[in-house]
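>>> build the 3D model from these lines:
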Amino acid sequence: MTFLVTGAAGFIGSYVVRALAERGAGPIVGIDNLNAYYDPTLKQARLATLEGLDGFRFERIDIADRAAMEDLFARYPAIDRIVHLAAQAGVRYSLENPHAYVEANIVGQLNILEGARRLQAAGGFKHLVYASSSSVYGGNTKVPFSTGDRVDTPVSLYAATKRADELMGHCYGHLYRIPMTGLRFFTVYGPWGRPDMAAYLFTDAMMNGRPIKVFNQGDMSRDFTYIDDIVAGVLAVLDGPPPDGGPEAGVEGAPHRVYNIGNNRPEPLMRLIEVLERALNVKAEIDFQPMQPGDVKATYADISAIARDFGYRPTTPIDAGIPKFVDWYRRYHGL
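As a prediction, the model looks like this:
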């Protein structure tokens with residue numbers, strides 16, 4: 001049993017590597033290109049926490065590099081489970097650098113699927129779990145967001161690439177009977193979190209005496225999901241590949257499914273700020289801004305499907321999770 005974790009230096013990826021290692025799951029190959037979308041120093045620091053984990057090996061590889069990925073799969077033919085988390089993240093950055101999203105999220109996804117196809121053909125491949133996003137719901141006004149909702153009106157290129165990942169996954173599941181599951185993550189936060197996300201952005205600004213930018217005049221809400229709840233869901237899903245109805249069952253019988261993975265508890269953005277103010281003992285200076293292009297007013301995950309199939313139950317409200325993030329932020333920055 002050998003695992004491949006892409007985006008191993010990323011926020012979620014580093015946690016998944018550690019969780020797999022701690023349960024003695026088997027050899028783990030982690031890859032990441034350590035790009036400069038945000039400070040690579042944070043990515044290197046995450047990797048440093050993984051040094052010495054039993055069975056873990058890291059390689060610096062870009063998932064969009066076809067030759068490097070083909071070589072990786074050739075060198076590790078025993079890979080039987082993949083957790084594919086590497087991607088170009090961020091809604092607003094997709095307005096500035098759209099090509100990065102196609103390269104990482106479309107070409108990269110294809111390279112992973114082709115690798116899984118190769119492993120599947122050789123026999124013994126068990127499951128590919130890949131990251132999608134709540135962004136695929138676009139401007140959906142029906143809440144909570146359900147996996148049965150239509151998702152063909154993305155409002156950002158990032159969302160469009162993530163929806164494309166799901167469609168590509170279904171296609172490969174249908175054609176090559178590769179067991180795979182897409183997970184639509186909802187606003188993940190916690191220690192070691194991304195510095196382009198609200199919890200980190202706000203904390204950094206408040207601690208350094210800068211105003212925080214709050215969009216849509218503060219009339220926004222997010223289904224903030226604590227990292228430990230996310231990792232518990234990822235591992236539970238990884239252990240349970242979807243059944244294969246066989247080619248005779250048609251496209252609906254393909255071994256591919258998609259789940260929401262969120263807290264099922266949207267919080268107003270202004271309440272997040274209040275929780276941060278208490279945890280930091282700092283009053284926020286707020287710079288209200290209009291809605292940003294590509295952004296959405298609210299997210300809210302219907303998690304009934306993943307709860308039914310895997311017993312998934314998030315347990316961490318922001319009142320508990322945000323202080324943990326703040327404690328880590330202080331330690332990481334030596335405050």
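>>> now the residue nearest to His127 when sequence neighbours are not counted, what's its secondary structure?
Nearest non-adjacent residue to His127, counting by Cβ to Cβ, 6 or more residues apart in numbering: Pro241, 3.9 Å away. In this view, the C-beta of every residue, glycine as well, is placed from N, C-alpha and C. Classification of Pro241 by DSSP: H, G, I helix; E, B strand; the rest coil places it in coil.
>>> OK, contacts around Pro241?
Lys126, His127, Pro179, Met180, Thr181, Pro255 (Cβ atoms under 8 Å, 6 or more residues apart in numbering).
>>> sec struct for the closest residue to Asn140 other than its chain neighbours, please.
Among residues not flanking Asn140 along the chain, Asp149 sits closest, at 5.9 Å (Cβ to Cβ, 6+ apart). Classification of Asp149 by three-state DSSP places it in coil.
>>> longest helix of the protein?
Secondary structure of the chain read by DSSP state H shows that its longest helix is helix 157-176.
>>> sorry, back to before: surely the residue nearest to Asn140 touches Val136?
No. Judged on Cβ atoms under 8 Å, Asp149 makes no contact with Val136 at a distance of 9.3 Å.
>>> these two: who's more crowded?
Val136 (26 against 15; other Cβ atoms under 10 Å).
>>> pretty sure that one sits against Asp165.
No. If you go by Cβ under 8 Å, Val136 and Asp165 don't touch, sitting 9.1 Å apart.
>>> what's the overlap in contacts for these two?
With Cβ under 8 Å, 6+ apart, Val136 and Asp165 have no common neighbours.
>>> mind listing what's buried along stretch 240-254?
Under the neighbour-count criterion of 16 or more other Cβ atoms under 10 Å, stretch 240-254 has Pro241, Pro242, Gly253, Ala254 buried.
>>> pick out the most distant pair among those residues.
When Cβ to Cβ is used, the two most widely separated members of the buried residues of stretch 240-254 are Pro241 and Gly253, lying 14.2 Å apart.
>>> separation between Thr161 and Ile306?
Relative to Ile306, Thr161 is positioned 23 Å away (Cβ to Cβ, to the nearest Å).
>>> so what touches stretch 92-109?
With contact meaning Cβ under 8 Å, 6+ apart, stretch 92-109 is reached by 37, 62-64, 66, 84, 86-88, 130, 156-158, 161-162, 164-165, 168-169, 196, 292-295.
>>> return the residues in contact with the residue nearest to Phe73 when sequence neighbours are not counted.
Of all residues not flanking Phe73 in the chain, Gly115 sits nearest, at 4.1 Å (Cβ to Cβ, 6+ apart). Contact analysis of Gly115 by Cβ under 8 Å, 6+ apart lists Met69, Glu70, Leu72, Phe73, Ile79, Ile82.
>>> and the worst-scoring helix or strand of the chain on mean pLDDT, what's buried?
Of the helices and strands making up the chain, the lowest-confidence element is helix 93-96, at a mean of 92, by mean pLDDT, DSSP states H and E. Within helix 93-96, the residues that count as buried by 16+ other Cβ under 10 Å are Tyr93, Ser94.
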